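Colleague: sharing a model that was predicted from the sequence below.
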Amino acid sequence: MKICDAHVHLGKSGPWQPYINPTIYVDELLRLFDKYDVEKAVVFPNPNVCDKYPEMNNYIAESVKKYPKRLIGFGRIDPRRDDAIKELNRIKNRLGLTGLKLHPFVECFRPDHPFFAKFFKQVNKLELPVLFHSGDGFSSPGLILKIAKKYPKLPIILAHLREPAVSALKECENIYVETSGTLPDFIELSADIDEDRILFGSDVPYYRYLVQIAIVESAEISQKTKRKIFYDNFQKMFNQRKAK
């Protein structure tokens with residue numbers, strides 16, 4: 001079954017992982033895609049520190065330009081920085097990237113804090129879909145849900161599908177979920193809510209394709225639903241945006 005992947009890191013990583021180096025460059029990544037029949041993927045920078053994200057956003061844009069049929073580029077920003085809105089505008093208007101990756105845990109920000117209101121207002125104005133790392137603390141789906149409700153036309157993807165993300169999917173129609181690091185049970189629960197808002201994600205190079213594919217394959221859902229998760233829902237989301 002062909003795959004489209006909604007969660008892939010690309011480029012140089014900052015020194016935030018003591019035991020692994022998740023740096024991966026585009027040619028190596030495409031070899032992985034070919035091995036596992038990945039037709040297209042959303043790619044965005046690895047975690048970096050200080051002012052490295054603009055440089056990495058440039059690399060994402062260069063890679064997308066080189067391989068437009070295989071890659072969809074999302075920029076990455078630390079929204080605490082004074083130049084965050086300027087970089088948002090550059091991501092969309094100069095680099096031509098499609099969306100935004102935010103990691104409230106790594107970048108240490110609470111999405112619903114009033115300090116970030118102008119930032120998310122501009123994200124919505126630019127119509128940049130956002131993939132959030134979701135989990136505990138500042139990455140809680142309950143906090144991200146507040147942004148989704150404030151901007152109901154803004155697509156928001158919750159990475160790492162777990163029980164709180166299932167609840168958010170049920171509560172808000174512009175919430176999507178992504179499967180990296182999940183369990184089959186949560187895929188089944190999400191499919192009962194809306195099988196059209198589940199996207200396959202690998203979180204490569206942090207996770208392995210064999211494992212992430214097997215998680216979806218082992219879910220007790222129909223082959224039609226699995227095709228939607230692996231391929232159709234991704235195509236629908238990003239083809240619609242391309243047509244705008």
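Modeller: Ah, there it is. On a predicted model such as this, the values are computed, not experimentally measured, just so you know. Numbers count the residues shown, from 1 in each chain.

Colleague: on the strand side of things, show who the closest residue to residue 76 other than its chain neighbours bridges to.
Modeller: Nearest non-adjacent residue to residue 76, counting by CB to CB, 6 or more residues apart in numbering: residue 45, 4.3 Å away. Just so you know, the C-beta spots here come from the backbone N, C-alpha and C atoms, and that holds for glycine as well. Beta-bridge pairing of residue 45 under DSSP bridges involves residue 10.

Colleague: quick one, what contacts residue 45?
Modeller: By CB atoms under 8 Å, 6 or more residues apart in numbering, the contact set of residue 45 is 9, 10, 11, 52, 53, 56, 57, 59, 60, 75, 76, 101.

Colleague: mind putting those into TSV with distance to residue 172, pLDDT and secondary structure?
Modeller: Shown next, in TSV, are the contacts of residue 45 (distance: CB to CB, whole Å; pLDDT from 0 to 100; DSSP: H, G, I helix; E, B strand; the rest coil):
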residue	distance to residue 172	pLDDT	secondary structure
9	26	97	strand
10	29	97	strand
11	31	95	strand
52	32	88	coil
53	28	93	helix
56	30	95	helix
57	28	97	helix
59	33	97	helix
60	28	98	helix
75	24	98	strand
76	23	96	strand
101	19	97	strand
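
Colleague: centre of the chain to stretch 71-90, how far?
Modeller: Chain-centre distance of stretch 71-90: 14 Å, with CA atoms, centre = their mean, to the nearest Å.

Colleague: number of nearby residues for residue 69?
Modeller: Using other CB atoms under 10 Å, the number of residues around residue 69 comes to 6.

Colleague: just the pLDDT for it.
Modeller: At residue 69, the pLDDT value in this model is 97.

Colleague: OK, contacts around it?
Modeller: Residue 69 makes contact with residue 40, according to CB under 8 Å, 6+ apart.

Colleague: if anything else comes up later, I'll come back, but that's it for now.
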